[in-house]
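> pasted the sequence and its predicted model underneath.
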Amino acid sequence: MKRQKRFEALKKRPIHKDTFVDEWPDEGFVAMMGPNDPKPSIKVENGVITEMDGKKREDFDLIDLYIAKYAINIDNVEKVMATDSTKIARMLVDPNVSRDEVLKYTSALTPAKAEEVISKLDFGEMIMGVKKMRPRYKPANQCHVTNTVDNPVEIAADAAEAALRGFPEQETTTAVARYAPFNAISILVGSQTGRPGVLTQCSVEEATELQLGMRGFTAYAETISVYGTDRVFTDGDDTPWSKGFLASCYASRGLKMRFTSGAGSEVLMGYPEGKSMLYLEARCILLTKGSGVQGLQNGAVSCISMPGAVPNGLREVLGENLLCMMCDIECASGCDQTFSASDMRRTERFMGQFIGGTDYICSGYAAEDNYDNTFAGSNTDVNDYDDMYVMERDLGQNYGIHPVSEEDVIKIRNKAAKALQAVFDALGLPKITDEEVEAATYANTHDDMPKRDMVADMKAAQNMMDRGITAIDLIKALADNGYPEVAQATLDLQKQKVCGDYLQTSSIFDSKWNVNSAVNNPNTYQGPGTGYRLYEDKDEWKKIKALPWALDPEHLKL
Amino acid sequence: MSEIDDLVKKITQQLGEQSTSAASSKTGATSVPDNMGRNDYPLYGKHRNLVKTPTGKNLDDINLNSIKNDQIKGDEMRITPEALKMQGEIAASAGRPAIQKNFQRAAELTKVPDARLLQMYNALRPYRSSKQDLLDIADELRNKYNAPICAAWFEEAAKYYESRKKLKGDN
């Protein structure tokens, strides 16, 4: 066929690099309300759920058993299940209905009923629902701090800069697993240098991650994955009971934690049992609720290419974020893994979460060039910072970060690199040279850094664990070597672990270690004139209005 | 422990007492209120004197000097069962009973050493344990660590792992 020139031009647009597939319900390629999804039903006998979503108790798998026992308010369930799903959906957008009133219904939903309620909402209505149902008053954001050679000095500098830009939670992971202890202490020292009160995590294998937390190197954990089918859960090497127990293990050490789930994981792992992504995710959300875990990272997360490929996919993704909030769970709403070559579609990806405002709009904004992102790249990275500030300024809408001056960034990166240098020196770890400190201060990617002896680093990291080094040793090293304020911040974090305030839903800290959570600062949105608004948040709005490259009209030369 | 908490709560309510009195929410109160509520939160700001480290130190007594002088050990900065109990009451008072249950399990687990805790977690993973293995851990939790809620958790898992084929050899 002779090509029509406009079609030829369109074919070259970035959107054509993305993959799209037709719906295929039997293999789980359907966003919501798939033809094989169960119909909502409930039967309670003597205080026990004996039938749920068309399945009898003897046919329940482990996930059904767990949800039926731990996740559903049995006192309310018959009433809620008898309520029209459209009516419950309307409550989400109705300014006459409070968040607390909605929770009376949403605490007694079965997975199929939850799916049905969400499916009644279009994208704009979901945004309205998010505005009301987010647990914390003010939205925030979370970033990734990584580089592909696990350079500790660069991690510390990037963490400090990200803290200054406003991220209250930061997540690192490793390119090489054995580096984990170094990455954990580098992001800890860097972030506390940038702004006291930042929470950090190191996403690695479950047992190692818990161990790092027990040492005081990390403040929270997030990659505790749960899945919507029994087969995939088992393949993920866990059961609802093991994950529920792990949740209690974290709490027993004073560590904040959230589970991770999201659309598409069951399809990717091969056993969606012919169910839609939203139905399976509803099971994950209820399982999280039942475990008494305060938060969930969901919204497809690293599996975003799956819902991204099918009709209604990104609507489903926002829907599952909303359902998480409707279950009164802190939501770190995805918007992390890169999935589209199109800048327009990258923007579309976070629009609902951004405008609605979630507890953490991204569960991983790349606070490094995506080239250095070891989570396989994020939807937005450091190169998008200025675009994001402009969007916040244009719309008067909080994205949780704000402009910073180049001078301040240079200063804080330098300080973080030096503080880590002092720690490495005091703990007898492989030397961080002045040349490395200087490079990290001005670096954009790891290519700007001198090469380190990675074998020596990995050995030292293991040795540090073998020697029983803990956060107390870090604090001592910082205090003894000229960084008392970083030492104090790191100590204050350890005190918070003893206290446990940040185990409550949606907790973050300000720079004075005042906790800000759904308990003491709950979302009060109930229509116009209520709830958080960026343009009424004086300090933050001032920072966002003051775009460093905006023209000053008083000094314009016309 | 959860049953006892429930019972105490019921009795307290019958006596017509408020779960959180205004007096108890002031920093400086010396006795632990019977039941914490959301107005007692944050504990750090409102009840710091009630929060201790596992060896009974006050948070205000831990500072850079005490660390410089090696008075604080690496495992000193841990949450205690008492703090978890208070946080659980706060969570329940804020409408989140499932979180309280999690903290009740966690409070029991504070006594289990790190390495043993990791082994117990691994034992609950699919196909790792026989039914007897899980019941033995339940016994250990109940008798060695005085952890009846967690013991029941393992017993429940043992029951369902058997019927849903997640025990050692079922794969």
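Cool, the structure landed. Numbers count the residues shown, from 1 in each chain, chains lettered A, B, ... in the order given.

> now the stretch 401-550 of chain A against chain B: closest residue?
Nearest residue of the stretch 401-550 of chain A to chain B: A:Thr470, at 3.3 Å (CB to the nearest CB). The way it works is simple: take the backbone N, C-alpha and C, and place the C-beta from them, glycine included.

> run a quick neighbour tally on the residue nearest to that residue when sequence neighbours are not counted.
Distances taken as CB to CB, 6 or more residues apart in numbering or on different chains place B:Gly74 nearest to A:Thr470, at 3.3 Å, with adjacent residues excluded. For B:Gly74, the neighbour count with other CB atoms under 10 Å in any protein chain shown is 15.

> surely A:Pro528 is in contact with A:Pro95?
Yes. With contact defined as CB atoms under 8 Å, A:Pro528 counts as touching A:Pro95 (7.4 Å).

> higher neighbour count, those two?
More neighbours surround A:Pro95 than the other of A:Pro528 and A:Pro95, with 13 against 8 (other CB under 10 Å).

> which residue is nearest the middle of the chain?
I went with chain A, as the question did not name one. For chain A, A:Ser363 is the residue whose C-alpha lies nearest the centre (CA atoms, centre = their mean; 2.5 Å).

> meant chain B actually
Closest-to-mean residue, chain B, CA atoms, centre = their mean: B:Ala107 / 1.7 Å.

> which helix or strand contains that one?
Using DSSP states H and E, B:Ala107 falls within helix B:97-109.

> so which elements touch that helix?
helix A:240-252, helix A:277-291, helix B:2-14, helix B:81-93, helix B:148-163 (3 or more CB pairs under 8 Å, 6 or more residues apart in numbering or on different chains; DSSP states H and E).

> helix B:148-163 and that helix, what's the angle between them?
Put simply, helix B:97-109 runs at 100 degrees to helix B:148-163, going by axes from the mean of the first three to the mean of the last three CA atoms, to 10 degrees.

> so where is chain B shaky, pLDDT-wise?
Counting by pLDDT under 70, chain B contains low-confidence residues at B:1-33.

> now it against chain A: closest residue?
Relative to chain A, the nearest point of chain B is B:Asn102 (2.8 Å; CB to the nearest CB).

> residues touching the closest residue to that residue other than its chain neighbours, list them.
Distance criterion CB to CB, 6+ apart; nearest residue to B:Asn102, sequence neighbours excluded, is A:Gly292 at 2.8 Å. By CB atoms under 8 Å, 6 or more residues apart in numbering or on different chains, the residues touching A:Gly292 are A:244, A:247-248, B:96, B:98-103, B:105.

> same deal with A:Asp75?
Going by CB under 8 Å, 6+ apart, A:Asp75 touches A:Ala108.

> measure it to A:Val390 for me?
Relative to A:Val390, A:Asp75 is positioned 49 Å away (CB to CB, to the nearest Å).

> surely A:Gln201 is in a strand?
Yes. Assignment of A:Gln201 by DSSP: H, G, I helix; E, B strand; the rest coil places it within a strand.

> that one and A:Glu222 touch, don't they?
Yes. Using CB under 8 Å, A:Gln201 is in contact with A:Glu222, at 5.7 Å.

> who touches both of the two?
A:Glu171.

> the two: which has the busier surroundings?
Set A:Gln201 next to A:Glu222 and count neighbours by other CB under 10 Å: A:Gln201 wins out with 28 against 24.

> tell me what the more buried one is bridged to.
As for beta bridges, A:Gln201 partners with A:Glu171 under DSSP bridges.

> what's the pLDDT at it?
pLDDT for A:Gln201: 98.

> for it, list the residues it contacts.
Neighbouring residues of A:Gln201 by CB under 8 Å, 6+ apart: A:169-172, A:209, A:218-222.

> can we see that at 10 Å?
A:Gln201 sits next to A:142, A:169-173, A:184, A:187-188, A:209, A:212-213, A:217-223, A:255-258 when contact means CB atoms under 10 Å, 6 or more residues apart in numbering or on different chains.

> what's the answer for A:Val30, then?
Contacts of A:Val30 were listed using CB under 10 Å, 6+ apart, and they are A:23-24, A:36-37, A:267, A:272, A:274-279, A:307, A:310-313, A:316.

> can we see that at 6 Å?
Applying CB atoms under 6 Å, 6 or more residues apart in numbering or on different chains, we find A:Val30 in contact with A:23, A:276.

> B:Gly45 now?
B:Gly45 touches nothing, counting by CB under 6 Å, 6+ apart.

> pull the distance from the host helix or strand of it to the chain's centre.
Per DSSP H and E, B:Gly45 falls inside helix B:43-46. Helix B:43-46 has its C-alpha centroid displaced from the chain centroid by 18 Å (CA atoms, centre = their mean, to the nearest Å).

> what's the answer for stretch B:112-127, then?
Distance, centroid of stretch B:112-127 to centroid of chain: 17 Å (CA atoms, centre = their mean).

> is it up against chain A anywhere?
Yes. Stretch B:112-127 comes into contact with chain A (CB under 6 Å from any CB of the partner chain), by way of B:114, B:117-118, B:121, B:124-126.

> buried ones in that stretch?
The neighbour-count check on stretch B:112-127 (16 or more other CB atoms under 10 Å in any protein chain shown) flags B:112, B:117-118, B:120-121, B:123-126 as buried.

> mind putting the residues you listed into CSV with secondary structure?
As requested, those are exported to CSV (three-state DSSP):
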residue, secondary structure
B:Val112, coil
B:Leu117, helix
B:Leu118, helix
B:Met120, helix
B:Tyr121, helix
B:Ala123, helix
B:Leu124, helix
B:Arg125, coil
B:Pro126, coil
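
> quick revisit: my read is that the residue of the stretch 401-550 of chain A closest to chain B contacts A:Met214, right?
No. Checked against CB atoms under 6 Å, the pair A:Thr470 and A:Met214 is beyond contact range at 8.6 Å.

> who has more neighbours out of the two?
Of the pair A:Thr470 and A:Met214, A:Met214 is the one with more neighbours under other CB under 10 Å, namely 23 against 20.

> ok, that one - contacts?
A:253, B:114.

> nearest to chain B: which residue in chain A?
Taking CB to the nearest CB, chain A has A:Gly292 as its residue nearest chain B, at 2.8 Å.

> residues touching the residue nearest to the centre of chain B, list them.
Applying CB under 6 Å, 6+ apart, the residues contacting B:Ala107 are B:81, B:84-85.

> all set now, cheers.
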